[in-house]
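> here is a sequence together with a model predicted from it:
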Amino acid sequence: MINERILNGLLMLGLIAVPLWALWADEPFTITLTTRVVILALAAAGLNIALGIGGLVSLGHAVFFGIGGYTMGVLAYHAQTFTPLAEWPWVIEGTKSMPVIWVSAILLAALAAFVIGILSLRTSGVYFIMITLAFGQMFFFFTISWSAYGGEDGLSIYVRNGFPGLNTLVPIQFYGLCVGLLCVVLFLTSRLIHSPFGLALNAARQIPSRVETVGLNPMRLKLLAFVISGAVTGLAGALFADLNRFVSPTMFSWQMSGELIVLIIIGGVGRLFGPVLGAIVFVALEHWLGGISDYWHIFLGLILLLIVLFARGGLVGLLTGKEGPHV
């Protein structure tokens with residue numbers, strides 16, 4: 001068995017070493033593939049705040065992922081077509097500035113998470129799962145009919161957005177931005193887990209009645225976790241859209257929400273680096289087995305089945321010998 005901190009360090013070392021090797025070997029596709037790993041890990045890390053710490057099984061987190069993606073797409077589209085986003089009551093221009101797009105994506109995703117959370121958290125269990133799924137389907141079908149921005153065909157962005165001092169069209173520089181944001185989110189998540197709020201949220205997940213007896217409101221704790229979770233996932237959506245320079249309604253699909261949950265289960269629910277290991281395994285299977293067969297999801301399903309039956313702590317738990325959630 002391996003110490004969990006050592007495992008986390010090895011995973012982070014891998015995220016740094018692989019793209020550097022690819023840069024040396026002149027393999028830009030490998031850098032792009034690793035960028036996809038990092039962005040999906042970031043999205044899953046956002047969901048892990050709600051699922052792993054708060055115990056909120058959401059099948060609608062693709063809403064926030066898609067909002068982040070469409071925030072990038074709409075702002076960049078108006079910037080590249082030189083048309084204002086709105087002209088009343090004041091003129092709002094599009095932008096190709098990544099920091100502005102990230103802040104916009106985070107705020108809009110957090111706002112959507114607040115509204116959805118207030119309504120969804122009135123329920124629990126399977127009803128919570130279904131109402132979050134319903135919100136996801138609402139956004140999915142709305143964007144299909146949103147003809148101003150491509151409808152079901154999606155929306156292409158011709159040039160990647162910019163970041164001060166960097167050429168984001170160079171794969172390694174864009175990757176550096178993504179892995180830097182992932183490190184920040186993982187650090188803040190670690191701090192959140194061990195903060196008074198994180199401890200209270202963990203208690204609200206396990207025994208809500210006892211949390212109420214000390215004067216705390218479990219619903220407010222879970223709502224705040226849901227909002228933070230949605231904001232992080234929205235940021236990942238903006239990065240994902242920038243990576244592909246394309247947004248489409250599939251970013252809102254329930255399959256996207258399901259994939260994020262699968263990443264967490266593979267890595268380990270509630271584990272800090274669970275989403276990272278889950279994203280590595282998922283993208284590796286997608287790349288290698290997808291080139292062999294269109295039915296590579298069968299192998300993913302078998303792996304998921306084995307993990308659920310024999311490794312309740314995910315691959316992180318299996319490698320460290322610690323079953324169950326870390327928190």
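Cool, the structure landed.
> in this structure, which residue is most central in space?
By CA atoms, centre = their mean, the chain has its centre lying nearest to Ala43, at 0.9 Å.
> could you say which helix or strand holds it?
Ala43 is part of helix 28-48, with elements assigned from DSSP states H and E.
> ok, so what distance separates Pro28 from Val211?
50 Å (CB to CB, to the nearest Å). Every residue, glycine included, has its C-beta placed from N, CA and C.
> counting neighbours, go ahead and name the busier of the two.
Using other CB atoms under 10 Å, the more surrounded residue of Pro28 and Val211 is Val211, with 19 against 14.
> can you give me the buried ones in the strand or helix carrying the more buried one?
Assigned by DSSP H and E, Val211 belongs to helix 208-213. The neighbour-count check on helix 208-213 (16 or more other CB atoms under 10 Å) flags Pro208, Val211 as buried.
> please apply the same query to stretch 59-77.
So, applying 16+ other CB under 10 Å, buried residues of stretch 59-77: 59-77.
> repeat that for stretch 94-111.
So, applying 16+ other CB under 10 Å, buried residues of stretch 94-111: 94-98, 101-102, 104-106, 108-110.
> got it, and stretch 28-38?
Thr30, Ile31, Thr32, Leu33, Thr34, Thr35, Arg36, Val37, Val38.
> distance of Leu201 from Gly66?
Distance from Leu201 to Gly66, by CB to CB: 26 Å.
> before we move on, what about Ile106?
Taken as CB to CB, the span from Ile106 to Gly66 is 14 Å.
> can you tell me what sits against the strand or helix carrying Val283?
Element membership of Val283 [criterion: DSSP H and E] is helix 274-288. For helix 274-288, the surrounding residues in contact (CB atoms under 8 Å, 6 or more residues apart in numbering) are 11-12, 14-15, 33, 36-38, 40-45, 47-48, 52, 182, 186, 259, 262-268, 296, 299-300, 303, 314-316.
> longest helix of the chain?
As assigned by DSSP state H, the longest helix anywhere in the chain is helix 218-244.
> so how far is that one from its chain's centroid?
Here the centre of helix 218-244 is set off from its chain's centre by 7 Å, with CA atoms, centre = their mean, to the nearest Å.
> tell me which other helices or strands that helix touches.
Counting contacts by 3 or more CB pairs under 8 Å, 6 or more residues apart in numbering; DSSP states H and E, helix 218-244 packs against helix 28-48, helix 62-80, helix 98-120, helix 171-193, helix 196-206, helix 208-213.
> list of residues touching the helix or strand following it?
Next along the chain after helix 218-244, taking DSSP H and E as the criterion, comes strand 246-247. Contacts to strand 246-247, defined as CB under 8 Å, 6+ apart, come from residues Gly66, Gly69, Tyr70, Met72, Gly73, Tyr149, Gly150, Gly154, Leu155, Ser156, Ile157, Ala241.
> repeat for stretch 217-231
46-50, 53-54, 56, 58, 61, 63-64, 106-107, 109-110, 112-114, 116-118, 120-121, 192, 197, 200-201, 204, 208, 211-212.
> then stretch 121-140?
Outside stretch 121-140, the residues that reach it (CB under 8 Å, 6+ apart) are 56-63, 66-67, 116, 119-120, 219, 222-223, 226, 249, 252-254, 257.
> could you do stretch 182-199 as well?
12, 15, 38, 41-42, 45-46, 48-49, 53, 202, 221, 224, 228, 232, 235, 272-273, 276, 326-327.
> how distant is it from the center of its chain?
On CA atoms, centre = their mean, the centre of stretch 182-199 falls 16 Å from the chain's centre.
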